[in-house]
Every structure is written in C-alpha cells, then in structure tokens.
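What follows is a predicted protein model with its sequence.
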Amino acid sequence: MLRQEQIAATIDMQKDIFLNKDAGLDREYLERVPISESYATIITGIRRCGKSTLLLQLLQKKYTDALYLNFEDIRLAEFETSDLSRLRDEIVRRKINVLFFDEIQFIDGWEIFVRQLLTEGYTVFVTGSNASLLSRELGTRLTGRHLSMELFPFSYHEYVRLKNLEINEKSLEEYLKDGGMPEYVKKNPAARGGILPALMDDILMRDIAVRYSIRDVEALRKLSVYLMSNIGNPVSASKLTGLFGIKSSTTILEYFSYLKNSYLFEFLPQFGWSLKSQARNPKKVYSIDTGMISEISGAFTENIGHRFENLIYLDLRRKNKVDDLFYFKEKGECDFIVFEKGKAKEAVQVCYKIDDLNFERELNGLMEAMAFFDLTEGTLVTFNQKDQFEKDGLTVRMVPAHEYIGHSD
C-alpha cells in the first residue's frame, strides 16, 4: 500500500523523464493508433520496441497534456489494488483528461479501474509487453470498450528513414542483419554489445519466469536459444520433450505460449481446414526481430536463408492479424498463405537466391498452393532477383525483397 504523496511524487518524477525523452523518428504507426471516445486504446508489443515513445509522439501531435505512469517503476513496487482509488484522486486533482498507463496489467482490477475512468469521460491509453492484453478475458472485463493495436520494432521503411539510406539491396542487407529494435539500431555498432541478449534475458525473467513462477530459468533460456537457432523450421513439443531438462510436452507447450505472449517468438501453423488439424501439425517458429537472430542464435552457420524468410514473415505480420497467416504443405510447400475474412488472398514463397538446384522446388510449391487456393497470381520473394513466370494460367512474380517490402507500408 502506498501513500497519496508517494503516488504524486512518482507521477511528477516520471513526467519529467517522459517529457524530456527524445521522441525520435515518427513511427508509421502514429497515424494508425485507434482512438475513439469512451474506448480505451490498448497498445502491445515486445519490450523496448518503442511503445512509450509512441505515446510521447501521440502527446506531441494530438494533446496538450497527459498523465503518464509506468507501473514497473521500483517506487510503485508496493502498489496494490486499493491504491487505484488514490491514483484516481490524484488524477482528479490534477485535472488532466488524457491518461497514459504503462504495464498496468500487473495490477489486479486494473480493467475495472480503466472502465470507471472511461465512464467518467477520460481518454485512456494502456501499453504492455504481453499479448494477453488482447485476450478475450480483457474484452469481457472491459465489455468491449477497448480498441487494440500491436507495435512492432522498426520496419525496413522506418529503418532506412532513420539511417537516411536508400531503398536498395545494400540497405536491405544491413536491415536483415540489424533488425529493428530502436535502442539497438540507433547506437553505433561498436556500442551495441549485449543489448539484445540482455533484452531477451529481461523478458525471460520479468515477463515469463516471475509471472508464471518458473524455477528452471536456465531450461527456458536454452529452449529460447534453440528456437532462435531454428527460425523458419517446424517445431514440435513432443520432439523437444526431454531436451534442456524439460520432461513434459505440456510444459514445452506452456513455454511456447509464454514466449509467444511476450512477443519473443511467433508460431506459424500449417494450413488445415479444421482447427484440430492445425493444432496437430508442427508450427514454424519465427523471431520478432532479425537482429535478435543475429545476436542470439547458437547456430554455427549464418543461415541467412532462414533469417531472410523471417524478415518477410515480419513484413506480412505487420500488415495482417496473426490468425490470418499460415504455411502450406501438401506435395510441395509454400512459405506463407495470407487470408482475409476467411479467404486466401495471397501466396508468398521466399528464397534468398534462386538457382538450378532449387528453382523447380520453389516454383512448384508456390504454384501448387496457388492452385489449391484458387489464386491466379503469386509472389516469389528473393534477395535481388527479378523475373516473371506463367504456367497453366498462373502467374508468378519474382520480386527483390527491397521492392516487395520497401514501399509496402
């Protein structure tokens, strides 16, 4: 339990830090932040991807003042549900109508508190680093009075703007290696050491181990490094059981869920007409950031092909809901099928370099998927090759990645 003056002092101290923060590059997401009267805006994303900076940019563009409170502040370590009433009193006293709450989801009863503030006419923004904020439970407790969006690390387009680069093969190669975590890419390469591994460890501890009472953190970390080293590959809980000292496939599945909710990894299902078949088949694992693959992967080879595939996955993911993406596998395989309103709208095959050994496999896998989903056009994304192929009424465009993602946002 905290005293009123402790809450007030923390708000004042955080406000000074928040307002003096470098707002940096205007995010592409700035104009997409969903704002509607009497609805809370929920913004989620991996730690350090720029959520508080986005709030600062929002304040500078749309509002004259706002109350900002990060609940992970050590000074709020003793904050309890009963303190929400003191916080409300402080909000009323300051006569500020726009409220920014960061990581409030760890306070029991926060949804009821936010709903009350909405009823009283406040504009409320909530940011958090756990995807459970978007769960059905949240919708139930706020009774539909929230609008949600996900924030990702810098896109390729944001990266080239930040670095003042041209959209071309060279800048794409840099982005493929660096990724888009703001704190990492803004620093000189010589000063980046340890940033991304430390971020992953922070997520594993604070967002997973502490929250879910996991004692064997080392096993969780080894599993995470394994996944980072097997990007683009199918992973199965049953086949991983027994590795890293994790003896139960149920525990592996729980860890997968925690890693997904923390935005470290996403797991792409194989397309199937039923949810049961989707659940039964192995899922392909992808990282939220290609820079993390570069820094953390334990693979002995650079495996640029899978990192390149991860890059295209992230581009598709930024533009689509996670439930609208699948991979296709029958006789051949197609990397990504994009759905919209229950209907396939795009088939995308990814190959870093097309050569005599892989051309038929990549083209046939894509065309098989196109025929299966009744699509007349498909895309084969490469690093720098460009061409077009037509067969049996189907058209495949081979497109360099910097063209495919450079102007797509």
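All right, it came through fine. All of these numbers come straight from a predicted model, not from anything done at the bench. Numbers count the residues shown, from 1 in each chain.

per-residue pLDDT, Asp409?
Per-residue confidence (pLDDT) for Asp409: 47.

start at 587 instead
Sounds good: first residue 587 from here, last item Asp995.

Going along the chain, name the strands of the protein.
For the chain, applying DSSP state E gives strands covering 626-630, 653-656, 684-688, 709-714, 732-736, 820-821, 851-854, 869-873, 911-915, 919-926, 929-936, 963-968, 973-977, 980-986.

So which of those strands is nearest Gln600?
Smallest distance to Gln600 across the strands of the chain (CB to CB): 5.9 Å, for strand 653-656. Yep, even glycine has a C-beta here, placed from its N, CA and C like the rest.

CA atoms only: put that closest one into CSV for me.
Coordinates of each C-alpha in strand 653-656 appear next as CSV, following Å, rounded to 0.1, in the frame of the first residue of the first chain:
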residue,chain,number,x,y,z
LEU,A,653,-0.6,12.0,-17.2
TYR,A,654,2.0,9.2,-17.7
LEU,A,655,2.5,6.4,-15.2
ASN,A,656,4.8,3.4,-15.7
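
who does it pair up with?
Sheet pairing here is set by DSSP bridges, and for strand 653-656 it gives strand 684-688 (parallel).

contacting residues around the strand it pairs with?
Outside strand 684-688, the residues that touch it by CB atoms under 8 Å, 6 or more residues apart in numbering are 637-638, 641, 645, 649, 651-658, 677, 696, 700, 703, 708-714.

In ChimeraX, select just the buried ones from these.
Buried residues within these, by 16 or more other CB atoms under 10 Å, are selected in ChimeraX with:
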select :637,638,641,645,652,653,654,655,656,657,677,696,700,703,708,709,710,711,712,713,714
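
any chance of the strands of the chain in CSV, with distance to Ile753 and mean pLDDT too?
Below are those laid out as CSV (distance: least, CB to CB, whole Å; pLDDT from 0 to 100):
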stretch, distance to Ile753, mean pLDDT
strand 626-630, 27, 96
strand 653-656, 35, 98
strand 684-688, 33, 97
strand 709-714, 30, 96
strand 732-736, 24, 93
strand 820-821, 33, 97
strand 851-854, 26, 98
strand 869-873, 23, 98
strand 911-915, 24, 98
strand 919-926, 22, 98
strand 929-936, 19, 98
strand 963-968, 15, 98
strand 973-977, 20, 96
strand 980-986, 10, 98
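
Could I get those in JSON lines, plus columns for distance to Val811?
Below are the strands of the chain laid out as JSON lines (distance: least, CB to CB, whole Å):
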{"stretch": "strand 626-630", "distance to Val811": "24"}
{"stretch": "strand 653-656", "distance to Val811": "29"}
{"stretch": "strand 684-688", "distance to Val811": "29"}
{"stretch": "strand 709-714", "distance to Val811": "25"}
{"stretch": "strand 732-736", "distance to Val811": "25"}
{"stretch": "strand 820-821", "distance to Val811": "13"}
{"stretch": "strand 851-854", "distance to Val811": "12"}
{"stretch": "strand 869-873", "distance to Val811": "11"}
{"stretch": "strand 911-915", "distance to Val811": "23"}
{"stretch": "strand 919-926", "distance to Val811": "24"}
{"stretch": "strand 929-936", "distance to Val811": "24"}
{"stretch": "strand 963-968", "distance to Val811": "27"}
{"stretch": "strand 973-977", "distance to Val811": "38"}
{"stretch": "strand 980-986", "distance to Val811": "32"}
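
what's the closest of these to Tyr899?
strand 869-873 (4.8 Å).

Only the buried residues of the closest one, if you could.
Within strand 869-873, judged by 16+ other CB under 10 Å, the buried ones are 869-873.

so which of the strands of the chain comes closest to Pro620?
strand 732-736 (3.8 Å).

how about the helices in the stretch 787-936 of the chain?
Along the stretch 787-936 of the chain, counting by DSSP state H, counting those that start in this stretch, helices occupy 803-814, 823-826, 835-847, 861-866, 876-882, 890-905.

what helices or strands is the first one leaning on?
Translated: helix 803-814. Counting contacts by 3 or more CB pairs under 8 Å, 6 or more residues apart in numbering; DSSP states H and E, helix 803-814 packs against helix 835-847, strand 851-854, strand 869-873, helix 876-882.

care to break this protein down by domain?
According to automatic domain parsing, the chain comprises the domains 590-736, 742-992.

Counting neighbours, what do you get for Ser668?
10 (other CB atoms under 10 Å).

Do you know the pLDDT at it?
96.

if I look at it, how far off is Thr705?
20 Å (CB to CB, to the nearest Å).

now swap in Phe699 and tell me
The value you get for Phe699 to Thr705, if CB to CB is used, is 11 Å.

Comparing those two, which residue is more hemmed in?
Using other CB under 10 Å, the more surrounded residue of Phe699 and Thr705 is Phe699, with 19 against 10.

ok, the more buried one touching Arg672?
No - Phe699 is beyond contact range of Arg672, at 11.4 Å (criterion: CB atoms under 8 Å).

Quick check: which ranges of the protein have low pLDDT?
720, 722-723, 885-888, 993-995 (pLDDT under 70).

hmm, 50 instead?
994-995 (pLDDT under 50).

if we can go back for a sec, export the helices and strands packed on helix 803-814 as JSON lines, with columns for distance to Thr729.
JSON lines is the format used below for the helices and strands packed on helix 803-814 (distance: least, CB to CB, whole Å):
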{"stretch": "helix 835-847", "distance to Thr729": "23"}
{"stretch": "strand 851-854", "distance to Thr729": "29"}
{"stretch": "strand 869-873", "distance to Thr729": "32"}
{"stretch": "helix 876-882", "distance to Thr729": "37"}
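
Now for Leu670, how many residues are close by?
Burial of Leu670 is recorded as 20 neighbouring residues (other CB under 10 Å).

cool, Glu617 as well?
8.

how near is it to Ser734?
Distance, Glu617 to Ser734, using CB to CB: 16 Å.

Kindly report the same for Gly979.
40 Å.

Between the two, which is the more surrounded one?
Ser734 (16 against 8).

In contact with that one: list those residues for me.
Contacts for Ser734 were tallied using CB under 8 Å, 6+ apart; they are 620, 627-630, 719-720.

Buried subset of the residues you listed as a ChimeraX selection?
Buried subset of the contacts of Ser734, written as a ChimeraX selection, criterion 16+ other CB under 10 Å:
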select :627,628,629,630,719,720
